[in-house]
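1. turn this into a model:
(chains A and B)
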2 protein chains.
Amino acid sequence: MTKTLEVVLKRVIEDVPVAADFEVVERAAPTTAPAGQLLVRVLYLSLDPYLGSRLRGRHMGEPRPAPGETLPGSAVAEVIASGHPDFAPGDHVIGEAGWAQVGLMDAKFARKVDPSLGVSNHLGVLGMPGLTAWAGVTQLAKVGAGDVFTVDAAAGSVGGTAGQIARILGAKAVGIAGGADKVAQVVERYGFDAAVDYRNEGWVDELKGLTDGGPTVHFENVGLPILNPVFGLLKTYGRVVICGLSAHYHADGPPPQFGLGPIVGKRAAVMGLVVYDFYPRWNEWVKTAEPWLKEGRLVQVEDLGEGLESAPAQFERLMKGANTGKTLVKVGG
Amino acid sequence: MTKTLEVVLKRVIEDVPVAADFEVVERAAPTTAPAGQLLVRVLYLSLDPYLGSRLRGRHMGEPRPAPGETLPGSAVAEVIASGHPDFAPGDHVIGEAGWAQVGLMDAKFARKVDPSLGVSNHLGVLGMPGLTAWAGVTQLAKVGAGDVFTVDAAAGSVGGTAGQIARILGAKAVGIAGGADKVAQVVERYGFDAAVDYRNEGWVDELKGLTDGGPTVHFENVGLPILNPVFGLLKTYGRVVICGLSAHYHADGPPPQFGLGPIVGKRAAVMGLVVYDFYPRWNEWVKTAEPWLKEGRLVQVEDLGEGLESAPAQFERLMKGANTGKTLVKVGG
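-> Have a look, this model is predicted:
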């Protein structure tokens, strides 16, 4: 009987999860693919912040995994056996196979990917974070030459990709991140024009200087602690994409509110982004990104754990914001 | 010596002005136009809500007229004598000449208008209210066929013009107004597809039915009491133009705030409109409107006082919201 390692929760948790909340277990691996399913070998597992809330039962509309249950997660995997005519053994696919070495993936939600573009890129720059960045920068804010683009959580996969796309389209990109390491990464790895550390006093003035007085486009991943001061700098007719409100997801207190007066005063356009809407256009983004990846103009920075056993510690890093770039676990070779 | 009637404040006021706060006085009229000025005979005087705040010293950046001082107001007038080479006697102009029969107009802020389009139209549908409506509907929200358009203060000049433009461009237009008379005016005079009375309980459900579930575009003139329930109905990817916040101008309490979560949830675009920005494009709007006016597809509804002496009572009507349509005073023939 083939074995597989899986990662599960040890106990019901109420606080932000740490490595000790998880355990790695050995189980019998599935060996065939039932109809509509794919039997897959996981190559890279994506660790995503939303799971932190979901494990604590705070993510709307998605079930809370019970202790002992295989944890959910997106992965790039290789098909071993296929229960669906659109997929064949050897195909590379992205989908949900759990925190496991070998698992089953629902073919209905699986998507074939091209491994020659970099297997792990499909979980970051070509995956949901990249699609999010592309949608916000090109479809909502319509960034172009002459724009001055700011984004927070700029060392992360969404923010880092958004700034790179903005620069490729002719904008000046200035990142906002927390800590010197992340600021360095944004400039040195992602190639932004500049970045500021919001933990430094005076960061707003610094941002003002670096953006020639203020951005024309701001991409918001965090929430009011960044949005309010940046909106103060926004140029007249600025566009603001509200993509994430991570500062508010775990907060008690009232939901984040924003003044209507300042929106009028700035003649701003404030736009809400939900990436699901752009799933039908995923191939459009992959086609757009392909030459940029090949020319090295678009890069993915990874915070990579080796082996499924590293997943609990990697997830703790992510929860603490200690990750730099897209948090991944390399599960299979 | 030529005489002119003027209207002035009797006293310093702290409350919303009523007719008794004003008096009509007879004065010596100017008889020549100094350099840069136009000596004009006022034909129609526009009465505008912002003046209510300004008279109480609550309008940012504009001086509070003192008792006895000629009150400010936009007017369409005929040039009697010109102190500027761009204008000649007989020209029709729009500009500031005060609440007076005869006055001086600064040529720098005067604009020549075509009386054949309807003299008083230049203060409403072709004036600042019309330019505001055009900018919001066509430049910000980009309304077109298939849109379902809602607007509040729909019996007013901005709202009424906005809905008419939206319909001409192929949208369904549903107005929101206060009281049966205004609702009737919106449908019967402006030709909206429908209108609801926000004073009726159940108006939100009624609006939902009339908009096939909710608008795709909403044009806001009032503020949160209307915006909040209408936003709840807004279709995904709806556009919202924030043009006016009249419910909040006189209010104490905190400035109006709006939730960022609902903007993301609706994938909405919330846009601030300031009409000043569109002054350079006034002729574009007049050219666009001209055939619509001539075909009768675009109309102005007027709340007209006869003679300058009627201005105080007309202004009180406006302040009480008893006006239906653009509030004007016919000063000269």
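
2. just the element for A:Leu131, please.
-> A:Leu131 belongs to helix A:128-134 when elements are defined using DSSP states H and E.

3. can you list the domains in chain A?
-> Per automatic domain parsing, the structural domains of chain A span A:3-124+A:302-330, A:128-277.

4. for B:Val24, which of these is the nearest?
-> domain A:128-277 (36.1 Å; C-beta to C-beta). Glycine gets a C-beta too; all of them are placed from N, C-alpha and C.

5. next, see if the closest one gets close to chain B.
-> Yes. Domain A:128-277 is in contact with chain B by C-beta under 8 Å from any C-beta of the partner chain, via A:140, A:223-224, A:227, A:242-243, A:245, A:255-261, A:263-274, A:277.

6. so for that domain, mean pLDDT?
-> When pLDDT is averaged along domain A:128-277, the result is 95.

7. and it, how far from the chain's centre?
-> Between the centre of domain A:128-277 and the centre of its chain there are 15 Å (C-alpha atoms, centre = their mean, to the nearest Å).

8. gap between the two ends of it?
-> Between the opening and closing residues of domain A:128-277 we find a distance of 11 Å, counting by C-alpha to C-alpha, to the nearest Å.

9. do stretch A:184-197 as well
-> Between the opening and closing residues of stretch A:184-197 we find a distance of 10 Å, counting by C-alpha to C-alpha.

10. ranges for the helices of chain A?
-> Assignment of helices within chain A using DSSP state H yields the ranges A:50-55, A:128-134, A:157-168, A:180-188, A:203-210, A:224-233, A:246-249, A:260-265, A:282-294, A:311-319.

11. go through these and name the closest to B:Leu293.
-> Using C-beta to C-beta, the helices of chain A put helix A:260-265 closest to B:Leu293, at 29.0 Å.

12. ok, which of the helices of chain A comes nearest B:Glu290?
-> Each of those was scored for nearness to B:Glu290 using C-beta to C-beta, and the closest is helix A:260-265 (29.5 Å).

13. got the buried residues for the closest one?
-> By 16 or more other C-beta atoms under 10 Å in any protein chain shown, the buried positions in helix A:260-265 come out as A:260, A:262-264.

14. before we move on, back to that, out of the domains of chain A, which one sits most buried?
-> Most buried of the domains of chain A, by mean neighbour count (mean count of other C-beta atoms under 10 Å in any protein chain shown): domain A:128-277, with a mean of 21.

15. quick one on the thing from earlier: kindly reformat the domains of chain A as CSV containing distance to A:Gly296.
-> Below are those laid out as CSV (distance: least, C-beta to C-beta, whole Å):
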stretch, distance to A:Gly296
domain A:3-124+A:302-330, 12
domain A:128-277, 10
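
16. nearest to B:Glu69, of the ones you listed?
-> With respect to B:Glu69, and counting by C-beta to C-beta, the nearest of the domains of chain A is domain A:128-277 at 29.1 Å.

17. redo the helices of chain A as a markdown table? Include distance to B:Val151.
-> Supplementary listing: these in a markdown table, determined by distance: least, C-beta to C-beta, whole Å:
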| stretch | distance to B:Val151 |
| --- | --- |
| helix A:50-55 | 38 |
| helix A:128-134 | 33 |
| helix A:157-168 | 34 |
| helix A:180-188 | 43 |
| helix A:203-210 | 37 |
| helix A:224-233 | 26 |
| helix A:246-249 | 32 |
| helix A:260-265 | 16 |
| helix A:282-294 | 35 |
| helix A:311-319 | 46 |
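
18. quick one: closest of those helices to B:Glu309.
-> Put simply, out of the helices of chain A the one that sits nearest B:Glu309 is helix A:260-265, at 36.6 Å, with distance taken as C-beta to C-beta.

19. show me what the closest one is packed up against.
-> strand B:239-242, strand B:269-272 (3 or more C-beta pairs under 8 Å, 6 or more residues apart in numbering or on different chains; DSSP states H and E).

20. A:Gly307: which of the ones you listed is closest?
-> Ranking those by distance to A:Gly307, with C-beta to C-beta as the measure, places strand B:269-272 first at 45.0 Å.

21. touching chain A at all, that closest one?
-> Yes. Using C-beta under 8 Å from any C-beta, strand B:269-272 reaches chain A at B:269-272.

22. tell me which of those residues is nearest to chain A?
-> Top of the list for closeness to chain A, among these and by C-beta to the nearest C-beta, is B:Gly272 at 3.7 Å.

23. picking up where we left off before, of all the domains of chain A, which one is nearest A:Leu293?
-> Ranking the domains of chain A by distance to A:Leu293, with C-beta to C-beta as the measure, places domain A:3-124+A:302-330 first at 6.1 Å.

24. quick one: mean pLDDT over that closest one.
-> Model confidence over domain A:3-124+A:302-330, given as mean pLDDT, is 94.

25. next one: it to chain centre, how far?
-> Using C-alpha atoms, centre = their mean, we find the averaged C-alpha position of domain A:3-124+A:302-330 to lie 14 Å away from the chain's own average C-alpha position.

26. hang on, the earlier thing: adding distance to B:Ala145, write the residues of strand B:269-272 next to chain A out as TSV.
-> Putting the residues of strand B:269-272 next to chain A into TSV (distance: C-beta to C-beta, whole Å) gives the following:
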residue	distance to B:Ala145
B:Ala269	19
B:Val270	23
B:Met271	20
B:Gly272	26
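
27. what is the burial count for the residue nearest to A:Asn121 when sequence neighbours are not counted?
-> In this structure, A:Asn121 finds its nearest non-sequential neighbour in A:Gln300, 5.3 Å apart by C-beta to C-beta, 6 or more residues apart in numbering or on different chains. Summarising burial for A:Gln300: neighbours were counted as other C-beta atoms under 10 Å in any protein chain shown, giving 25.

28. I figured A:Gln300 hits A:His122, correct?
-> No. With contacts counted by C-beta atoms under 8 Å, A:Gln300 stays clear of A:His122, the gap being 9.8 Å.

29. and for these two, which residues touch both?
-> Counting by C-beta atoms under 8 Å, 6 or more residues apart in numbering or on different chains, A:Gln300 and A:His122 have no common neighbour.

30. hmm, who's touching stretch A:261-274?
-> A:132, A:135-136, A:140-141, A:231, A:234-243, A:258, B:140, B:242-243, B:245, B:255-256, B:260, B:263-274, B:277.

31. do the same with stretch A:141-153
-> A:137, A:159, A:162-163, A:165-167, A:169-177, A:198, A:207, A:211-212, A:214-222, A:226, A:230, A:235, A:239, A:241, A:244, A:246, A:271.
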